[in-house]
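Student: dropping the sequence and predicted coords here.
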Protein chains: 2
Amino acid sequence: MNKPASAKPKTKRGLERRAQILAAAEQVIGQQGFAAASIADITRAAQTALGTFYIYFASKDELFRELVQDMGHATRSQAAEQVAGAKNRLEAERAGLLAYLTVVRDRPMQYRIVEEARFVDPDAYREYYTEFGKAYADQLDQAVEKGEISPGDAEVRAWALMGAAKALGERFVLWDDDVDLDHVVEEAHRFICKGLAP
Amino acid sequence: MNKPASAKPKTKRGLERRAQILAAAEQVIGQQGFAAASIADITRAAQTALGTFYIYFASKDELFRELVQDMGHATRSQAAEQVAGAKNRLEAERAGLLAYLTVVRDRPMQYRIVEEARFVDPDAYREYYTEFGKAYADQLDQAVEKGEISPGDAEVRAWALMGAAKALGERFVLWDDDVDLDHVVEEAHRFICKGLAP
């Protein structure tokens, strides 16, 4: 995994092809796991020739790392959009949690792939959450300055909140086909705002 | 993984041998991962003969499932002990979080093994957290009845709390050699009790 990443394509067609392969890889690796998924499986699912793969990626390892990085960028920009539309941080927490659980429901393979990265590419895994955690902590610090939330260690809170969202996604979305997402978000949001104290 | 579990030994010596193999497996599988760790690696680390393994376990798959189950029992009984000593639920949350983070620090391989179970033995993984979640939710329901915490959906809260603890363990214990655990627990506990609201 030390090889430098291949250059990204510059043409529209090239970018589309690359995105097509990444989307296929999300399905194939998500369903089969990294070790079992072959490059041939991925190009077949992407409806491209096997050789096309190597125009965009040097290896399956590189593809996987790019997949995790792409997911990280997408997740962070989605989260930023949520915040932009919310009146204040507490509202942003609600919108962000609903958006996250919706992504887990609509793209369950993403969840599995990021979790598998812990074993397949620990650096990519760590970067994914570290970057997300930093952005989250920044938002919390800004919210403290504006008086929208109580003061506290932003990094500890960011990680507690990320962990809570992940576990709720696993239990109530991945393991449960018939869940009332609004109820889960409502209850979790009340806990996030007010805690357990009577 | 459909083979029934081997009978547990009945003699003290048998139980000790079995525990010795499980302890060695925790280290070997935790460090190398399930696929790479061989039964020979495990018995070598346990300082027993290769054949001894098969007295206690039918296969590496069965050993792994028993390892995850044993960890689940141990974690739940440790958590129950914490609660027993605490004055009320909010105190129990603090003690439980400190105890959990201390286990992550002292036995980091347990964390990796439970996470790898998601891929190696999804049923064992799910059982681990489902059992823990049920016990946790029961405690929260009892605490609501006693007026020690505010009312709310116990299952949602239990999973949010488990997820928060897991993420804090990963970020501040597994990834950080030099963390002030008391500070992390203090800040996380304040969030758990009072939430983010100003």
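Tutor: Received, thanks.

Student: CA atoms for contacts and neighbours, from now on please.
Tutor: OK.

Student: can you report how many residues neighbour A:Ala84?
Tutor: One way to gauge burial is a neighbour count; for A:Ala84, by other C-alpha atoms under 10 Å in any protein chain shown, it gives 11.

Student: what is the rounded mean pLDDT of the helix or strand encompassing A:Arg44?
Tutor: When elements are defined using DSSP states H and E, A:Arg44 is found to belong to helix A:39-46. Per-region confidence: helix A:39-46 scores 97 on mean pLDDT.

Student: what packs against that helix?
Tutor: The contact analysis (3 or more C-alpha pairs under 8 Å, 6 or more residues apart in numbering or on different chains; DSSP states H and E) places helix A:39-46 against helix A:12-32, helix A:50-56.

Student: now the angle from the lowest-mean-pLDDT helix or strand in chain A to helix A:39-46?
Tutor: The helix or strand of chain A with the lowest confidence, counting by mean pLDDT, DSSP states H and E, is helix A:60-85 at a mean of 89. Angle, helix A:60-85 to helix A:39-46, by axes from the mean of the first three to the mean of the last three C-alpha atoms, to 10 degrees: 40 degrees.

Student: and helix A:60-85, what other elements does it pack with?
Tutor: helix A:12-32, helix A:89-106, helix A:108-120, helix A:122-145.

Student: get me the contact residues on chain A for chain B.
Tutor: Neighbours of chain B within chain A, by C-alpha under 8 Å from any C-alpha of the partner chain: A:90, A:116, A:119, A:147-153, A:156-157, A:159-168, A:171, A:184, A:187-188, A:191-198.

Student: quick one: buried ones out of the residues you listed?
Tutor: The neighbour count (16 or more other C-alpha atoms under 10 Å in any protein chain shown) marks A:90, A:116, A:119, A:148-153, A:156-157, A:159-168, A:171, A:184, A:187-188, A:191-197 as buried among these.

Student: picking that back up, alpha carbons of the helix holding A:Arg44, in PDB - could you do that?
Tutor: Only the C-alpha atoms of helix A:39-46 are listed here, as PDB (Å, rounded to 0.1, in the frame of the first residue of the first chain):
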ATOM      1  CA  ILE A  39     -11.000  -6.800  -9.700                       C
ATOM      2  CA  ALA A  40     -12.800  -8.900 -12.400                       C
ATOM      3  CA  ASP A  41     -16.000  -8.900 -10.200                       C
ATOM      4  CA  ILE A  42     -15.800  -5.200  -9.900                       C
ATOM      5  CA  THR A  43     -15.300  -4.400 -13.600                       C
ATOM      6  CA  ARG A  44     -18.100  -6.800 -14.400                       C
ATOM      7  CA  ALA A  45     -20.400  -5.000 -12.100                       C
ATOM      8  CA  ALA A  46     -19.200  -1.700 -13.600                       C
END
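
Student: just the buried residues of that helix, please?
Tutor: For helix A:39-46, a neighbour-count test (16+ other C-alpha under 10 Å) marks A:39, A:41-43, A:45-46 as buried.

Student: what bits of chain A have low per-residue confidence?
Tutor: Low-confidence segments of chain A, defined by pLDDT under 70: A:1-7.

Student: could you redo the last one with a cut-off of 80?
Tutor: Residues of chain A meeting the criterion pLDDT under 80: A:1-8, A:79, A:82-83.

Student: what's the offset of the helix holding A:Arg44 from the middle of its chain?
Tutor: On the basis of C-alpha atoms, centre = their mean, to the nearest Å, helix A:39-46 is displaced by 23 Å from the centre of the chain it belongs to.

Student: contacts made by that helix with the rest, please.
Tutor: For helix A:39-46, the external contacting residues (C-alpha atoms under 8 Å, 6 or more residues apart in numbering or on different chains) are A:20-21, A:23-25, A:28, A:49-50, A:52-53, A:60.

Student: that helix vs helix A:12-32, what angle?
Tutor: Counting by the same axes, to 10 degrees, helix A:39-46 lies at 120 degrees to helix A:12-32.

Student: next, A:Asp177: secondary structure please.
Tutor: The assignment at A:Asp177 comes out as coil when based on DSSP: H, G, I helix; E, B strand; the rest coil.

Student: what about it, neighbour count?
Tutor: Taking other C-alpha under 10 Å as the neighbour definition, A:Asp177 ends up with a count of 9.
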